[in-house]
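[1] Fold the following.
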Amino acid sequence: MKVKELFTKYQQQRHTCLTIDQFSSMMLMYPAVLVATADGDYDELEKRNLVSAVKEAAGEDDLIAFEMYAELSQLIGANNETKEMIFSCIKEEIAERKNLQEIIVDLMVSTAESSDGISETEQKMINEIKSVLNL
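    Residues are numbered from 1 along each chain as shown. All right, here's what the predicted structure looks like:
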């Protein structure tokens, strides 16, 4: 699925203030969110790590950073259909820009490591996501 297609569908449902580029950046952070919540303990350090990534992607715009974080938090409970669409979109992005593989993996690992190292459950999630995304 192309980013533009997912962005259009997402905007129809959520009406965010994100541009397509900001939305694309946010989608690339989604695997890290799944890793952070995999063990059922989405703690403060993991949240801070995600906030740092969101702030970096949003630049100086605090509203955009807040919007990205809020949307990623909402996507924690996404259904399987939504997850599949997001992963399809990420795979499409990776196919066009190979450097994204390393960014996605680094963000998943740094998020998992941010509190007490990578748990077995988090490592399992990282491996599953890497498999789904062919990383």
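[2] Counting by contacts, list what the helix or strand Leu45 falls within packs against.
    Using DSSP states H and E, Leu45 sits within helix 44-58. The contact analysis (3 or more C-beta pairs under 8 Å, 6 or more residues apart in numbering; DSSP states H and E) places helix 44-58 against helix 20-37, helix 62-74, helix 100-113. Any C-beta I mention is one placed from the backbone N, CA and C, and that applies to glycine too.
[3] Output the lowest mean pLDDT helix or strand found in this protein.
    Every helix and strand of the chain was ranked by mean pLDDT, DSSP states H and E. The lowest is helix 44-58, at a mean of 90.
[4] For Leu107, which residues are in contact?
    By C-beta atoms under 8 Å, 6 or more residues apart in numbering, the contact list for Leu107 reads 28-29, 31-32, 53.
[5] make that Lys4, sorry
    Ile20.
[6] Which positions in stretch 18-28 come out as buried?
    Residues of stretch 18-28 classed as buried under the neighbour-count rule (16 or more other C-beta atoms under 10 Å) are 18, 22-28.
[7] looking at it, Asn49 is touching Thr111, isn't it?
    Yes - the pair Asn49 / Thr111 is scored as a contact, 5.0 Å apart, by C-beta atoms under 8 Å.
[8] Please enumerate the shared neighbours of the two.
    32, 36.
[9] For the two, work out which one has more neighbours and name it.
    Just comparing Asn49 and Thr111: by other C-beta atoms under 10 Å the higher neighbour count belongs to Thr111, 29 against 20.
[10] Can you name the two of the buried residues of stretch 18-28 that sit furthest apart?
    Maximum pairwise distance in the buried residues of stretch 18-28, criterion C-beta to C-beta, is 13.0 Å, between Leu18 and Leu28.
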